[in-house]
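Participant: The sequence and its predicted three-dimensional model are supplied below.
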Amino acid sequence: MDSRKRLIPHRLRYSLGITLFAGLFGVGAMAEQGAAEMAAPVSETCYADGWSESLRCYRIPVGTDSANADDLVKLSVLVAPAVNGGQHEPLYLLAGGPGQAASDLVRLLNPLRKLNRGRDIVMVDRRGGGRSDAFDCGFGAEIPNNIELMTAQLAACYINAGERPLTINSRQTVEDLESVRRALGHERISLWGGSWGTRTALLYQQWYPDALQSLVLDGVAPIDTKVFLAASAAESALQELEQACSEDPVCAGFVNWRSQLDNLLANWSHAQASNFPDPFTGRPAEEPVETWMLAGAVRTALYDPAAAAQLPYAVSEASRGNYAPLSGILGLFADMEGAMSLGLTYSVACAEEMNRIDAADIDRDADDTFIGDMFIRIFVEGCKVWPVPPRPYDAPEPRDHPVLLISGSADPITPPKYANEQLAYLPNQQHLIVRGGGHINSPRGCVPDLILQFLDQPDATLDDGCIADIRRPPFAAGAFGPALMPEQAIPEADSLLAQEHSAGGAGENPEKLEQRAIPTEEVAGGDQP
Amino acid sequence: MNISNVIRGVKQMAPLLRKELLEAWRDRRALVMAVCFSLMFPAALAGGTIFMIKKQSEDVTRVALLGAERAPLIQQRLRSPNLEVSSLDSGSPRELLAGDYDIVLEFGEDFAQRYQAFRAPPLYLYINSSDTGSGRAQRDIQERLGALQQLVVTQRLAARGVAPRLLAPWRIETRDVSTPSSRGALILATVPGLLIMTLFVACLATAVDTSAGERERLSLEPLLLQPMAGWQIITAKTIAVASLGWLGSLLAIATLLLLMPVMPLTELGIQRATTTGGVIAMGLIMLPLALLVAVLQILLALRSQSFKDAQTQLSIFQIAPLVVLMALDIAQIKLSDSWQLLPLVGHQQWLKGLLVGGAVSPVWMIAGSLVTLGLVLAAVMVGARALRREGLLSAS
């Protein structure tokens, strides 16, 4: 989940709200070669960004039974062959979104390398995503920062897309997945789903139980959960961050950051929006950063505990008029949008989620939350220009496959309670909850080892004690980063002192200033009662 | 010599062959030596890889921190499954390294204050580079420190409104063209050499005994007085000696295959790709080579001055070709296909390919084996002529 590994966009894009279900792993996996046109699957050696070893790339035709010629698509399938094949069932990785491509998950192979020793790992780009004829509405890497502009572009895309928005849905994805499984000759498979991928996995389990060995679900979106109602989940994650901050001797120094954040969001002015600095150029952003983008950035930061750890400091600085730290947090996420094919996102989201959410649901969810309806609005507005018939799911039937659930206690989009409350129909489940964890925890700490143990012996109870060793990253305490010593920095005093220096020490030479800074900080350090 | 003559000659040879085989297989010392070496090297190889992986995965680096109270966060964040961190009040790095610790970290004066003032305080890393574990310890600690350092840098940049990505003007994507099978070739590269060496070692004692030994025991003279051609005597001896060598190498191949499942090859990213057909081919290609090694050893032993001299010469003879093979392997010289016609060089390449599941051409294997057999015939002829010389018996 190293954000530094992602591509650099040449322009800042703030539409972070779009990245709703994105797993936090990066973008840009790119298969290099197409496969030969053959009836039986023939693979070619290929590579994908983020994984140095070679992969087998397949092109599997799907939609052949349809009368409509447009439906015929060759799905891109990447297989990371097991070092020692044939020992275990293959593991299919299902991507989030909806709209993310499985080929983007190739980076996950690095932390999950051990899983690849005895199992093929298969990544199928669903129809309309990634390498499988991406339905991106021309958004590509450039998504407008403005809801009206984006909606207009979506509307134009819908009109030009013909029947396509009506055909793309989870049912089709599951059927395609099944075609791929048959084409590759896999008798039984296991599924790893991340974020929205857990929904796809749970639906596959409903429809093709016999082909399934076991399920690993990270950031669970149960079939019956209206996961797009994300305001209260985001609020809980923020409150958990508040709690963790108040328990941390250094972060506790930012006493009022939460109320400062509420203030900022409530009183964000046009001047503030227009002068917000761009983390790539340092100049004011080309387009104003409006309240919903700011709130969206805070929500997105909660996905990743390392970014969340910078929020108290950044908010505290912003409340004093220094927006740089907040802008820096936006810079951590700036290119996640590129990973989504928005035509796919809206086709699935509008038909399967937004159609079962009404205004009362939205009000109830938005009540008393920092983000209110600012996140779901993008979908409410988008689905108005993206008319698709509702595609409700049947009530899930009991399944006794072994299921491993993984949640982060501070996940702003798929909190652990979803898995706890909505999966009673799966009796054979184990739930790993990473304390303070954000969205997607499979790569962290000992989780890869636990996943391997689970896949090897799905019915054994995991010893998950090591999960407790996964901690929140240290909070940002000042411009210097995290504090090395708890009593060293009282953050607010530190900033006050810095102001004092800049006011009083204009004429002094820098060295003198530096020398003065140290003893005063020691005094401020709280040795005195 | 026409064909019926040869057949008659072979039939005539049967009692002699029986005698030679009995002598070879009754020599317990030679048998033990052959079996021991055949079992020993696969066992050593398996043990070595298991130990290596165990050491890599289970070894814990013991880190002593001096002055950790100046930066508790670092102390706290260094802890990981492979680092055992202890904070000490005092101690001399030199003594600590001589004692239980692999690495000593010492925090400079005013560490936290200087860190907060952006004055990059020094962090002293004491290592003992003459210690074998030092490299690993250094890697472990730098990996951990590097992650923490990255976190600090990210926070510092973000605090200034700078996207951390600006530090990476481009992204390097590594593309490794190796396959699990070619990675296996790297680790298993020594195996063909060792298999060939097994042949030499397993043949050695018997080869010396059946030639120089018989001469010293004065039993060679009565043998030469029998109504038999020289080639028959040499052939019988060669077969007896080669039988021991071949069985030795088969035993080694079998042991190796039996031990492969317990070797942590998968952890090294290596495929177990040896097929049944490959194993049979390995056994078959060793047979002509066993004959060649046996006949050459017998010839060398016959022309030596004494039993002792024979032993010395053969010892050198078994090392020389192996050195050449290893040199070829280490230098990674690309040989054209026709080099496979040369015994030893060809065998090494075939064994390597068969072990890691690489492509080995059966045509070249057959052609190379025929060349080897041709050389065996030639050597038998040379030996037969040598037996006719009077001087042979009076060598000692």
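Facilitator: In hand now; what should we look at?
Participant: low-confidence ranges in the stretch 251-396 of chain B?
Facilitator: Low-confidence segments of the stretch 251-396 of chain B (pLDDT under 70): B:268-273, B:332-333, B:390-396.
Participant: Where do the helices of it begin and end?
Facilitator: Here the stretch 251-396 of chain B has its helices, by DSSP state H, counting those that start in this stretch, at B:276-302, B:307-330, B:345-356, B:362-387.
Participant: elements contacting the second one?
Facilitator: Where contact means 3 or more C-beta pairs under 8 Å, 6 or more residues apart in numbering or on different chains; DSSP states H and E, helix B:307-330 is packed against helix B:190-208, helix B:276-302, helix B:345-356. (Each C-beta comes from the backbone N, C-alpha and C, glycine too.)
Participant: Recalculate using a threshold of 6 Å.
Facilitator: helix B:190-208, helix B:276-302 (3 or more C-beta pairs under 6 Å, 6 or more residues apart in numbering or on different chains; DSSP states H and E).
Participant: Tell me which of the ones you listed is the most buried.
Facilitator: When those are scored by mean count of other C-beta atoms under 10 Å in any protein chain shown, the highest mean neighbour count falls to helix B:190-208 (a mean of 25).
Participant: Now do that one, average pLDDT.
Facilitator: For helix B:190-208, mean pLDDT rounds to 85.
Participant: Please work out which residues outside it touch it.
Facilitator: Residues from elsewhere that reach helix B:190-208, judged by C-beta atoms under 6 Å, 6 or more residues apart in numbering or on different chains: B:24, B:30, B:33-34, B:37-38, B:41, B:241, B:244-245, B:248-249, B:252, B:290, B:293-294, B:297-298, B:301, B:310-311, B:314, B:318, B:322, B:325-326, B:348, B:351-352, B:355.
Participant: could I get it in CSV with only the CA atoms?
Facilitator: The C-alpha coordinates for helix B:190-208 follow below in CSV (Å, rounded to 0.1, in the frame of the first residue of the first chain):
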residue,chain,number,x,y,z
THR,B,190,26.5,-28.4,-8.4
VAL,B,191,24.5,-31.6,-8.6
PRO,B,192,25.6,-32.9,-12.0
GLY,B,193,29.2,-32.4,-11.1
LEU,B,194,28.7,-34.3,-7.9
LEU,B,195,26.8,-37.1,-9.6
ILE,B,196,29.7,-37.5,-12.0
MET,B,197,32.1,-37.4,-9.1
THR,B,198,30.1,-40.2,-7.5
LEU,B,199,31.0,-42.3,-10.5
PHE,B,200,34.7,-41.6,-10.2
VAL,B,201,34.7,-42.3,-6.5
ALA,B,202,32.6,-45.4,-6.6
CYS,B,203,34.8,-46.9,-9.4
LEU,B,204,38.2,-45.9,-7.9
ALA,B,205,38.9,-48.6,-5.2
THR,B,206,37.8,-51.4,-7.5
ALA,B,207,39.7,-50.1,-10.5
VAL,B,208,42.9,-49.9,-8.5
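Participant: Not counting the next helix or strand after that helix itself, show me its contacts.
Facilitator: Going down the chain from helix B:190-208, the next helix or strand is helix B:214-216, by DSSP states H and E. Outside of helix B:214-216, the residues within contact range by C-beta under 6 Å, 6+ apart are B:220, B:307.
Participant: quick one on the thing from earlier: now tabulate the helices and strands packed on helix B:307-330 in a markdown table and tack on distance to residue B:18.
Facilitator: Formatted as a markdown table, the helices and strands packed on helix B:307-330 follow (distance: least, C-beta to C-beta, whole Å):
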| stretch | distance to residue B:18 |
| --- | --- |
| helix B:190-208 | 15 |
| helix B:276-302 | 17 |
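Participant: Next one: residue A:484 relative to chain B, how far apart?
Facilitator: 4 Å (C-beta to the nearest C-beta, to the nearest Å).
Participant: Tell me which residues touch that residue, please.
Facilitator: Residue A:484 touches B:71, B:73, B:112, B:115, counting by C-beta under 6 Å, 6+ apart.
Participant: Nearest to residue A:356, out of the helices of the stretch 251-396 of chain B?
Facilitator: Between residue A:356 and the helices of the stretch 251-396 of chain B, the shortest separation by C-beta to C-beta is 55.7 Å, and it involves helix B:345-356.
Participant: Can you report how many residues lie near residue 217?
Facilitator: Reading this off chain A. Here the count is done by other C-beta atoms under 10 Å in any protein chain shown, and residue A:217 has 31 residues near it.
Participant: The chain in question should be chain B.
Facilitator: 11.
Participant: Quick check: residue A:326 touching residue A:314?
Facilitator: Yes - assessed by C-beta atoms under 6 Å, residue A:326 is found in contact with residue A:314 at 4.6 Å.
Participant: which one is residue A:100 nearest to, not counting chain neighbours?
Facilitator: With C-beta to C-beta, 6 or more residues apart in numbering or on different chains as the criterion, residue A:100 has its nearest non-adjacent residue at 5.3 Å, and that residue is residue A:339.
Participant: What does the pLDDT read for that neighbour?
Facilitator: On pLDDT, residue A:339 comes in at 71.
Participant: so it sits right up against residue A:102, yeah?
Facilitator: No - using C-beta under 6 Å, residue A:339 makes no contact with residue A:102, being 11.2 Å away.
Participant: what sits in contact with each of the two?
Facilitator: Common neighbours of residue A:339 and residue A:102, using C-beta under 6 Å, 6+ apart, do not exist here.
Participant: Count the neighbours of whichever residue of the stretch 1-150 of chain A sits closest to chain B for me.
Facilitator: Among all residues of the stretch 1-150 of chain A, residue A:52 sits closest to chain B, at 4.0 Å; criterion: C-beta to the nearest C-beta. As a burial measure, residue A:52 scores 15 neighbours (other C-beta under 10 Å).
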